[in-house]
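S.K.: Got a sequence here, can you model it:
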Amino acid sequence: MEKLKTTALIFLVGLSLLQSYFLVYRMPGLAATMRSDQDYVNTEPMGASSSVESLVFPEKIIIHLGENTHTVLDPGTQFYDMILKQRIVGREFKGFQRGPESMIDWDDVRKNDIGLELRFSNGIAVELLQKLLKLEGDLLFLNEKIDRIWIYKVADTEEVRTFFFSSGNKIVYESVRADLTVRDVQDYVGFGQYLPKYEMTADGLYIPTEPIQATEMVFDYEAYSPEQMQRNFFDPSTTLAVEDRSGSLIYTDGKRGLQVEQNGMWINYTNPAASQSTSSHISENVYASIEFINQHGGWDGVNRLVNPVSSSSEKYVTFRKYIEQYPVIELPPFRYGYMKLTLQQGVVTEYARSLITLSSTAEEREARWLPGGQTLKDQLKAHRNRKDIVGLFPALKAMPIDDSKMSFVPVWAIKLKDGSEQVLMEAYPAGFKPGKLPSEQQEEADKKAVGQAVDSKSDESAEELSDKQAN
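M.R.: Residues are numbered from 1 along each chain as shown. As a prediction, this is how the structure comes out:
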């Protein structure tokens, strides 16, 4: 009898231990620090999944050729990929030494020393940058945000120096044990020898000395249905659909809402129940955002993580769409080109995106030339907020043609200090070729490029006025 009792006791203790194991390691929610209602929806596959490794890359690469000559490489171009993916990614950067930015005369380096800069607008957390580069540093460096990396060969020497610039606080970190050689830097510069040349303005904008070629494209597109997106957020059996006074359709389960706008082409998801949580680190929010998008709509083509303008905006995460080497600029009233999320402690409280998905290749392509040289300088100088312009870049303006086609027109875009963007001027009209027009026709082409940008701003202003009157 005693043996039987002992055996039964051992069995019960073993069963108890087994139950404890399953409770801790298998029961939903107990292995995670946080779980929200959105986790319980069985989402259906829609767009492609992505990862942080494919979403973190420099906004541009600037090659310094010496003798105050430069060129600019945009993401997706041949030489950009050759430098970043074949010559930079996978290299090791160690032995970081901290110092003031003023320790080097950067204007002198820019003018006289060959090298390159990798630019990350508004700065990127080192933790995320480590997905691109092999970085080893102390805690001070690992907690930094970096807005550019400058690699150059010191003139008249065989010395290569590599600096990481801290975003916004005038501090640089030099990697004294970087896995780079003089030959590497010479190769970088060699890629830029036959590309369009750029000159720098007094406030740091790079302007091509001649017009540069771009491409206008027309794509077929489809769109996720509102019902598809609804099923990716809510249990349809417990969801109500209502129409507000503006005609927008709103799905709600009583806690969260999904508003469908722009004739079924745009959604705004809100989860106010989660908005009381405290904010978390930007890197955690980026990972949570990527996973959320993977589960709720997926990705259409190439997208890049856009960093918040200030550290106080770390709860906001934005991903920008690229078509070939061009970012898409969003111009109201038509919203397209971004996915924007707001998070609190890893939980998405707001999510806005287009439902449009483009075909894999363009149906039509046509060469267009973006102004350069004095024409571009004059247009910059004439801008009413010239002192607030901190960025100049080629972009694409999205223009719906009908219910199944969209045109993307090349433009020069500017970024202002507050993070907002505008079209500065559009590409020259189709058929224009640099140096082929008499001066009178050149002036007329310049006026058309400027006029088209003004028309875009006028359309935007009219829409804003209409919205204000409606409210």
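S.K.: okay, CA-based contacts and neighbour counts for the rest of this
M.R.: Fine.
S.K.: Skipping adjacent residues, who's closest to residue 376 in space?
M.R.: residue 207 (7.5 Å; CA to CA, 6 or more residues apart in numbering).
S.K.: Tell me what that neighbour is bridged to.
M.R.: Taking DSSP bridges as the rule, residue 207 bridges to residue 199.
S.K.: wait, it sits on residue 373?
M.R.: Yes - contact criterion CA atoms under 8 Å: residue 207 and residue 373 qualify, at 6.9 Å.
S.K.: more neighbours, those two?
M.R.: Neighbour count, other CA atoms under 10 Å: between residue 207 and residue 373, residue 207 has more, with 23 against 15.
S.K.: quick one, what contacts the residue nearest to residue 376?
M.R.: 198-201, 372-373, 376-377 (CA atoms under 8 Å, 6 or more residues apart in numbering).
S.K.: Just after the one helix or strand in the chain whose mean pLDDT sits lowest, pick out the following helix or strand.
M.R.: The helix or strand of the chain with the poorest confidence is helix 2-25; it has a mean of 46 (mean pLDDT, DSSP states H and E). The first helix or strand that comes after helix 2-25 along the chain, using DSSP states H and E, is helix 52-55.
S.K.: packing partners for that next one?
M.R.: strand 302-306 (3 or more CA pairs under 8 Å, 6 or more residues apart in numbering; DSSP states H and E).
S.K.: who's in contact with the helix or strand following the strand it packs on?
M.R.: Going down the chain from strand 302-306, the next helix or strand is strand 316-323, by DSSP H and E. Strand 316-323 has contacts (CA under 8 Å, 6+ apart) with 285-286, 289, 301-308, 327-328, 337-343.
S.K.: what ranges do the helices span in the stretch 301-450 of the chain?
M.R.: 373-382, 439-470 (DSSP state H, counting those that start in this stretch).
S.K.: Also the stretch 51-200 of the chain?
M.R.: Counting by DSSP H, counting those that start in this stretch, residue ranges of the helices within the stretch 51-200 of the chain are 52-55, 78-81, 106-112, 126-129, 139-142, 182-191.
S.K.: Pick the most deeply packed of those.
M.R.: A comparison of the helices of the stretch 51-200 of the chain by mean neighbour count, using mean count of other CA atoms under 10 Å, puts helix 126-129 on top with a mean of 20.
S.K.: What is whichever strand or helix holds residue 294 packed up against?
M.R.: Mapping residue 294 onto the secondary structure by DSSP H and E places it in helix 282-295. For helix 282-295, the contact count by 3+ CA pairs under 8 Å, 6+ apart identifies strand 316-323, strand 338-344, strand 347-354 as packing neighbours.
S.K.: Compute the inter-axis angle for it and strand 338-344.
M.R.: Between helix 282-295 and strand 338-344, the angle comes out at 120 degrees (axes from the mean of the first three to the mean of the last three CA atoms, to 10 degrees).
S.K.: Give the buried residues for helix 282-295.
M.R.: Buried positions in helix 282-295, judged by neighbour count with 16 or more other CA atoms under 10 Å: 282-286, 288-295.
S.K.: Mind listing the residues bridging to residue 261?
M.R.: Where residue 261 sits in a bridge, its partners, by DSSP bridges, are residue 266.
S.K.: what number of residues lie near it?
M.R.: Neighbours of residue 261 using other CA under 10 Å come to 18.
S.K.: ditto for residue 417
M.R.: 12.
S.K.: Name the nearest residue to it, sequence neighbours excluded.
M.R.: That would be residue 388: by CA to CA, 6+ apart, it lies 5.5 Å from residue 417.
S.K.: Number of residues surrounding residue 202?
M.R.: For residue 202, the count of nearby residues is 7 (other CA under 10 Å).
S.K.: the strands in the stretch 151-300 of the chain, which residues?
M.R.: Secondary structure of the stretch 151-300 of the chain (DSSP state E, counting those that start in this stretch): strands located at 160-166, 171-178, 198-200, 206-208, 212-223, 240-243, 249-252, 257-261, 266-270.
S.K.: Now do the same for the second one: mean pLDDT, whole number.
M.R.: It stands for strand 171-178. For strand 171-178, the mean pLDDT works out to 96.
S.K.: Residues touching that strand, excluding its own?
M.R.: Residues outside strand 171-178 that contact it (CA under 8 Å, 6+ apart) are 91-101, 141, 161-166.
S.K.: Beta-bridge partners for the closest residue in space to residue 185 that isn't next to it in sequence, please?
M.R.: Spatial nearest neighbour of residue 185, chain neighbours left out: residue 115 (5.9 Å); criterion: CA to CA, 6+ apart. Taking DSSP bridges as the rule, residue 115 bridges to residue 64, residue 152.
S.K.: Low-confidence bits of the stretch 351-471 of the chain, can you list those?
M.R.: 436-471 (pLDDT under 70).
S.K.: what do you get for the stretch 151-300 of the chain?
M.R.: 274-279.
S.K.: how about 80 then?
M.R.: Along the stretch 151-300 of the chain, the model assigns pLDDT under 80 to residues 168, 237, 244-247, 273-280.
S.K.: Show the contacting residues for residue 69.
M.R.: Applying CA under 8 Å, 6+ apart, we find residue 69 in contact with 111, 197-199.
S.K.: coming back round to it: for the buried residues of helix 282-295, give me a markdown table that also has distance to residue 248.
M.R.: Below are the buried residues of helix 282-295 laid out as a markdown table (distance: CA to CA, whole Å):
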| residue | distance to residue 248 |
| --- | --- |
| 282 | 32 |
| 283 | 34 |
| 284 | 33 |
| 285 | 29 |
| 286 | 29 |
| 288 | 28 |
| 289 | 25 |
| 290 | 27 |
| 291 | 27 |
| 292 | 24 |
| 293 | 22 |
| 294 | 25 |
| 295 | 24 |
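S.K.: Go ahead and confirm residue 143 touches residue 126.
M.R.: Yes - the pair residue 143 and residue 126 qualifies as a contact (CA under 8 Å) at a distance of 6.5 Å.
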